[in-house]
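**Q** need the 3D shape of this:
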Amino acid sequence: METHTFYRVRSGCTVLPIDVSTQTRCQDLPPFAFPEVPESQEDILAYIQWLEGLSFSVQQRKEVAEEKLRSVMSNTPDLLAEREKRWKLEAEKLRLRKELADLKAAHLLFPEL
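**A** Prediction:
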């Protein structure tokens, strides 16, 4: 039979340590289980504080994952090709604007042409 060491965290809730050194994907991790809501006012307040800290940590981790996803997606060949097309279109647009401005200036200088 396996024995586990429980750790008491500052909020008073206990957690079971998980060895993640062998996991390669989040799907390999066991599901997360919340401890039962305690009975006493002091323990409930500590539980709420623990949940708020957990919520903050999850939100931070989510933001890091979303940023990494944007980084990974921004370097795909399709997106790189799309960027290059946009750069070429923008360069052509600037060239045409300059040409139009030059034609307008020439027309103002020489209206009879």
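**Q** which helix or which strand is home to the residue most central in space within the chain?
**A** Ranked by distance to the mean C-alpha position of the chain (CA atoms, centre = their mean), the top residue is E66 at 1.8 Å. If you go by DSSP states H and E, E66 is part of helix 41-73.
**Q** buried set for that helix?
**A** 46-47, 50 (16 or more other CB atoms under 10 Å). (C-beta placed from N, C-alpha, C; glycine too.)
**Q** mind checking the SS state of the residue lying farthest from the centre of the chain?
**A** Most distant from the centre of the chain: E112, at 60.4 Å, with distances by CA atoms, centre = their mean. The three-state assignment at E112 reads coil, by DSSP: H, G, I helix; E, B strand; the rest coil.
**Q** distance check, it against E99.
**A** According to CB to CB, to the nearest Å, E112 stands 21 Å off from E99.
**Q** cool, L89 as well?
**A** 15 Å.
**Q** swap in P77?
**A** Distance from P77 to E99, by CB to CB: 33 Å.
**Q** could you do G53 as well?
**A** 61 Å.
**Q** same check on A91?
**A** From A91 across to E99, the span is 13 Å (CB to CB).
**Q** may I have the phi/psi pair for S74?
**A** With angles defined as degrees, to the nearest 10, S74 sits at phi -70, psi -10.
**Q** got it, and P31?
**A** Torsion angles, degrees, to the nearest 10, at P31: phi -60, psi 150.
**Q** count the neighbours of it for me.
**A** 4 (other CB atoms under 10 Å).
**Q** let's have the chain start at 38 instead
**A** New numbering, starting at 38: the last item is P68.
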